[in-house]
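Chemist: could you work out the structure for the sequence below:
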Amino acid sequence: MRWLGSFGTRLRRTVSGRLSSGQAEGSSAVNAGSYIAENEGLGLAADTEAYVGHLGKSRDLTRRAVDSAIRADNKEDGAIWQAIAAQREAVYGNTAQARQSAAEALKLVPAGQGVEVEAALAFAMAGDTPRAESLAQDLGKRFPLARHPDAVALVTSHSSAIGARQEESGSSP
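Modeler: Down below sits the predicted model:
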């Protein structure tokens, strides 16, 4: 599952970005570090469980990661974990659950750039091309210099191609 490798890259960038921006400096360094460690530790554990096929454990760990982020007053991280869980569900073919998880992520933080990117990818992976394209267009308007809409467009076009093949063969997404 190549998506897991790209997730690790995103996590390293997130942690190093937070540290370089000073979010974990000063008198609150210990608390900020523990919140980051708890959220991300639970999220990574959820990915690991999904990778080995333990979806029930993965879902529980994701719920705990989201709850931990919310308790740490960081809804955006919680919403991103929820959207990443939606991507995992899509990878395993649970498209209804993927769409629901992506929608829940957007409810937590409706206008967060990272949340919208991850949710758009989840919708595209789940075959909800119109919703993915809508989010990608919104991202393109709000963040014209960001490269995220290109990534979403790539996944969306791949999703459309899969949908077309499924229609030709008579199977459903």
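Chemist: so where do the helices sit in this protein?
Modeler: Assigned helices in the chain, in chain order: 2-20, 29-51, 55-71, 75-91, 95-108, 113-125, 129-142, 148-169 (criterion: DSSP state H).
Chemist: same for the shortest one, what does it pack against?
Modeler: Counting contacts by 3 or more CB pairs under 8 Å, 6 or more residues apart in numbering; DSSP states H and E, helix 113-125 is packed against helix 75-91, helix 95-108, helix 129-142, helix 148-169. C-beta coordinates here come from the backbone N, C-alpha and C atoms, glycine included.
Chemist: that helix vs helix 129-142, what angle?
Modeler: For the pair helix 113-125 and helix 129-142, the angle between their directions (axes from the mean of the first three to the mean of the last three CA atoms, to 10 degrees) equals 150 degrees.
Chemist: can I get helix 113-125 in CSV, CA atoms only?
Modeler: Presented in CSV, the C-alpha positions along helix 113-125 are these (Å, rounded to 0.1, in the frame of the first residue of the first chain):
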residue,chain,number,x,y,z
GLN,A,113,-6.8,23.7,3.7
GLY,A,114,-5.2,20.5,4.9
VAL,A,115,-8.6,19.1,5.8
GLU,A,116,-10.1,19.9,2.4
VAL,A,117,-7.1,18.4,0.6
GLU,A,118,-7.3,15.1,2.5
ALA,A,119,-11.1,15.0,2.2
ALA,A,120,-11.0,15.7,-1.5
LEU,A,121,-8.6,12.8,-2.0
ALA,A,122,-10.8,10.6,0.1
PHE,A,123,-13.9,11.5,-2.0
ALA,A,124,-12.0,10.9,-5.2
MET,A,125,-10.7,7.5,-3.9
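Chemist: okay, angle between that helix and helix 95-108 too, please.
Modeler: Between the direction of helix 113-125 and that of helix 95-108, the angle (the same axes, to 10 degrees) works out to 160 degrees.
Chemist: quick one: contacts of helix 113-125?
Modeler: The set of residues external to helix 113-125 that reach it, using CB atoms under 8 Å, 6 or more residues apart in numbering, is 76, 79-80, 83-84, 86-87, 89-91, 98-99, 101-103, 105-106, 108-109, 129, 131-132, 135-136, 138-139, 142-143, 146, 148, 151-152, 155-156, 158-159.
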